[in-house]
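>>> sharing a model that was predicted from the sequence below.
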Amino acid sequence: MPSMGHSTEDDLHTKEMDVRSLSSSRHQNMHHIHKVGVPPKQNLFKEFKDNVKETFFSDEPLRPFKDQTKSRKLLLGIETFFPIVGWVRRYNLSKLRGDIIAGLTIASLCIPQDIGYAKLANLDPQYGLYSSFVPPLIYAFMGSSRDIAIGPVAVVSLLLGTLLQNEIDSTTNPIEYRRLAFTATFFAGITQATLGFLRLGFLIDFLSHAAIVGFMGGAAITIALQQLKGFLGIKDFTKNSDIISVLRSVFSSVNHGWNWQTILIGVIFLCFLLFAKFLGKRNKKYFWVPAIAPLISVILATFFVFITHAEKKGVAIVRHIDKGINPSSVNEIYFHGEYLGKGFRIGVVAGMVALTEAIAIGRTFAAMKDYQIDGNKEMVALGAMNVVGSMTSCYVATGSFSRSAVNYMAGCQTAVSNIVMSIVVLLTLLFITPLFKYTPNAILAAIIINAVISLIDIQAAILIWKIDKFDFIACMGAFFGVIFVSVEIGLLIAVSISFAKILLQVTRPRTAILGKLPGTSVYRNILQYPEATKIPGILIVRVDSAIYFSNSNYIKERILRWLTDEEEKIKADDPQTIQFLIVEMSPVTDIDTSGINALEELHNTLQKRGLQLILANPGPAVIDKLHASKVANLIGQDKIFLTVADAVLSCNPKYAEEP
């Protein structure tokens, strides 16, 4: 028994020694301060090369070519421009069946839409059909999206028609107008392909999601209002697109311009189309109903007008669509003269809008099917199809959201669905176009109104309001700019507000005062964490941005204002004034010469006021430039720390330890 008691005492003594040792070790580790590492100097050429690579070739496009045979590299090179070469080897009958069904379905939707969209662009109906024949074929060989359906779209058609009409009147000079349309399409394609080849796709991201939502919504309302001419049977209609001019034109012709037979046709079939859309949304099994409803409407309305001769009672009809495949238009493109510059300007604007819509659609459906699309390849494909299209009597084509959604729902497997659609459009051009002679304009107006309603995304606007008020301003600015002025002004407002937001965020970055979370050595924004406590005698400020010439002076002045505000607050409550200013630099990814000068000026100002400047956790780019400029020596190597906790420990040790 005694020996057992002695053993127990020894064990307790040993454990006590271990605890003391552990406590001492923890105490030493807690007070161990790590210094900020300075990255090794890099070769200037290598650094420049790495920056260029990360900016333009971040996806490492040449990686698949590594360690490959010459024949394999050749094949991969062909696949780069023609992705069809890669997936066609894995193609089978099961995929073909899905693509045929999808292709036939979207063809039934695109034919009546194309005729109507051509009218939006102030072109003859056949040009809409031409644009759903050649461009989809080109895209099927060069595009990387499996789901996107190519053809004319409402927004681009309206934009193109508005911009062209401002230069040439389509009624008095139809030939010159058409030539300018082909010229604009050519330069739209050149713009798109150039962005892809130079890997400048990130430029389209400057048009924010909020601006696109507002622009699309405004364009949808403008397009719908434009259709009132055909829907109501009005002959003399304004050429302006703003809502005030359109409504004035509509109501000024109530007594003498409206045609009740036209209105009856339009209302009946618009109700039918809306019901078909409702049925398709309510039950996914009936996705094909809203897809074929437009074609059924055209057939029934055309038959009704034919047997009743309603055109003799004032019902406007299509009358004539040229039969045959796309004629060559190479000689009609303006490569010199006064319209060259105008065609280039219009083409760049239309091409960028078309590109933005197509990339957004492609990414949406790629995410739904869990595959990736190459943005630069998409740009090259879209550009190539519009360049070829401009030479084959087509106007600007892009990805259509409504057709792509139908394509997806119909079970498309690959871009072959676009080829099937093109073949159906070809057969229509060769054999069926005369049957559209008696198609009433009212049914085309109803189809377009039904199609553009889905572009008004109220839920997205509400979500934008909840998330970011500045984004909402961009959204509404684009929306009201389109409906009250014009499509191009709305687009300009959208881009301007998006750039203004970027400039505001760059020139006025966020800063925050940090406090210590109880029971930890973690320092966080006191507004986000009210329980965080300030350290007496120390002000900790975090800068949430890179420090450049555009914001360096503001950041310096903002930090000094924080300092002045804090000093005024504590004068009455605490005799201990602020002695240290700690700048938390974790979010500061980079700093330029102006930023270095601002830090130097801040240090000098603080010295005159008897305060010390301390930096916490500067990143590799920042610390490298601090040493290169000798500002690190000016501030003091012993005043630059790895963490805020280390900085606080050096200033006031008792507040660094956990309670």
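All right, it came through fine. Bear in mind that the values here come from a model prediction, so they are computed numbers and not experimental data. Numbers count the residues shown, from 1 in each chain.
>>> which residues in the stretch 501-650 of the chain form strands?
Assigned by DSSP state E, counting those that start in this stretch, the stretch 501-650 of the chain shows strands spanning 511-516, 523-525, 538-543, 580-584, 612-616, 640-641.
>>> give me the low-pLDDT residue ranges for the protein?
Counting by pLDDT under 70, the chain contains low-confidence residues at 1-34, 42-44, 47-48, 50, 53-60, 62, 205, 572-576, 653-659.
>>> how far is the longest helix along it from where the chain is centred?
Taking DSSP state H as the criterion, the chain has its longest helix at helix 338-369. For helix 338-369, the separation from the chain centroid amounts to 11 Å (computed by Cα atoms, centre = their mean, to the nearest Å).
>>> also stretch 304-317?
Centroid separation for stretch 304-317 versus its chain: 45 Å, with Cα atoms, centre = their mean.
>>> swap in stretch 322-338?
For stretch 322-338, the gap between its own C-alpha mean and the chain's C-alpha mean amounts to 33 Å (Cα atoms, centre = their mean).
>>> repeat for stretch 163-173
Centroid separation between stretch 163-173 and its chain, computed with Cα atoms, centre = their mean, is 31 Å.
>>> please apply the same query to stretch 237-244.
Put simply, stretch 237-244 sits 29 Å off its chain's centre (Cα atoms, centre = their mean).
>>> start to end distance for that stretch?
13 Å (Cα to Cα, to the nearest Å).
>>> again with stretch 386-395
From the first residue to the last, stretch 386-395 extends over 8 Å; the measure is Cα to Cα.
>>> one step back: adding distance to residue 214 and mean neighbour count, write the strands of the stretch 501-650 of the chain out as a markdown table.
C-beta coordinates here come from the backbone N, C-alpha and C atoms, glycine included. Putting those into a markdown table (distance: least, Cβ to Cβ, whole Å; neighbours: other Cβ atoms under 10 Å) gives the following:
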| stretch | distance to residue 214 | mean neighbour count |
| --- | --- | --- |
| strand 511-516 | 31 | 21 |
| strand 523-525 | 32 | 19 |
| strand 538-543 | 32 | 22 |
| strand 580-584 | 37 | 23 |
| strand 612-616 | 41 | 23 |
| strand 640-641 | 46 | 23 |
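>>> and those: which comes nearest residue 340?
Ranking those by proximity to residue 340 (Cβ to Cβ) places strand 538-543 first, at 49.2 Å.
>>> convert the C-alpha atoms of that closest one to CSV, please.
The C-alpha coordinates for strand 538-543 follow below in CSV (Å, rounded to 0.1, in the frame of the first residue of the first chain):
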residue,chain,number,x,y,z
ILE,A,538,-4.4,51.4,-30.8
LEU,A,539,-6.5,52.0,-34.0
ILE,A,540,-6.7,49.1,-36.4
VAL,A,541,-7.9,49.9,-39.9
ARG,A,542,-8.3,47.5,-42.8
VAL,A,543,-8.1,48.6,-46.4
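>>> what pairs with it, parallel or antiparallel?
Looking at strand 538-543 with DSSP bridges, its partner strands are strand 511-516 (antiparallel), strand 580-584 (parallel).
>>> neighbouring contacts of that strand?
With contact meaning Cβ atoms under 8 Å, 6 or more residues apart in numbering, strand 538-543 is reached by 509, 511-515, 523, 525, 534, 555, 559, 562-563, 566, 578-588, 644, 648, 651-652.
>>> if we use 7 Å, what do you get?
With contact meaning Cβ atoms under 7 Å, 6 or more residues apart in numbering, strand 538-543 is reached by 509, 511-514, 523, 555, 559, 562-563, 566, 578, 580-585, 587-588, 644, 648, 651-652.
>>> quick revisit: packing partners of the longest helix of the chain?
With contacts defined as 3 or more Cβ pairs under 7 Å, 6 or more residues apart in numbering; DSSP states H and E, the secondary structure elements packing on helix 338-369 are helix 154-167, helix 174-197, helix 375-390, strand 398-400, helix 401-409.
>>> okay, now the nearest residue to residue 208 once chain neighbours are set aside: neighbour count?
Nearest-residue entry for residue 208: residue 498, 4.5 Å, with adjacent residues in sequence omitted and distances by Cβ to Cβ, 6 or more residues apart in numbering. Using other Cβ atoms under 10 Å, residue 498 is surrounded by 23 other residues.
>>> report the angle between the helix or strand hosting residue 498 and helix 338-369.
Assessed by DSSP states H and E, residue 498 sits inside helix 487-507. Between the axis of helix 487-507 and that of helix 338-369 there is an angle of 60 degrees, by axes from the mean of the first three to the mean of the last three Cα atoms, to 10 degrees.
>>> in helix 487-507, what counts as buried?
By neighbour count, and taking 16 or more other Cβ atoms under 10 Å as the criterion, the buried residues in helix 487-507 are 487, 488, 490, 491, 492, 493, 494, 495, 497, 498, 501.
>>> ok, stretch 615-633 next?
Using 16+ other Cβ under 10 Å as the test for burial, stretch 615-633 gives 615-619, 622-627, 629, 631-632.
>>> what about it, start to end distance?
Calculated as Cα to Cα, the first-to-last residue distance of stretch 615-633 is 12 Å.
>>> show me what it is in contact with.
So stretch 615-633 is in contact with 36, 38-39, 582-586, 588-591, 596, 599-600, 635, 639-644, 647, going by Cβ under 7 Å, 6+ apart.
>>> any idea how many residues pack against residue 476?
For residue 476, the number of neighbouring residues by other Cβ under 10 Å comes to 20.
>>> check the gap between residue 494 and residue 352 for me.
From residue 494 over to residue 352 the distance is 12 Å, taken as Cβ to Cβ, to the nearest Å.
>>> sorry, that was for residue 563
Residue 563 is 46 Å from residue 352, by Cβ to Cβ.
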